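>>> Return atomic coordinates for the entry below.
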Amino acid sequence: MKRHTKINLLLLALVVALAVLPLALGLGDHKKEPFTGADAQAESAITEIRPDYEPWFSPLYEPPSGEVESALFALQAALGAGVLAYYFGLRRGRRQGAEQAASQGGSGAPGGAATPDRETAA
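This is a model prediction of the structure:
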């Protein structure tokens, strides 16, 4: 097995463990909403410290429900992943093209055929 394959399998196992272990170990069972985001936790901590606190700003758009908010967040994450995948794919394609051109002799002509210079042809 190649080294890259082993590393990829190890990373995949770590991702699965990070997703499954909190659920399997029952972390957060004692909470009302066990896996809320950091925003909700920060808001509850602020209201415990200063109940009369009023935020400086309000959101530009307030989704009608938690499901819509989750869907918009997932859409944002998918678009970001798509942009990153496109960028890294483009870089890899350019690198492979440069390696292929270098392995064909670096002539720049299609098919790797060498073209004579104008000075030597005359």
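>>> how much space between the most centrally placed residue in the chain and residue 88?
In the chain, the C-alpha nearest the mean C-alpha coordinate belongs to residue 81, at 4.4 Å (CA atoms, centre = their mean). Separation of residue 81 from residue 88 (CB to CB, to the nearest Å): 11 Å. Quick note: C-beta positions are derived from backbone N, CA and C, even for glycine.
>>> Could you list which residues are in contact with the residue nearest to the centre of the chain?
Applying CB atoms under 8 Å, 6 or more residues apart in numbering, we find residue 81 in contact with no residue.
>>> for this structure, where's the lowest mean pLDDT among helices and strands?
helix 118-121 (a mean of 53; mean pLDDT, DSSP states H and E).
>>> where exactly do the helices run in this protein?
3-24, 38-49, 66-103, 118-121 (DSSP state H).
>>> Make JSON lines out of those helices and add distance to residue 58.
Formatted as JSON lines, the helices of the chain follow (distance: least, CB to CB, whole Å):
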{"stretch": "helix 3-24", "distance to residue 58": "32"}
{"stretch": "helix 38-49", "distance to residue 58": "13"}
{"stretch": "helix 66-103", "distance to residue 58": "15"}
{"stretch": "helix 118-121", "distance to residue 58": "69"}
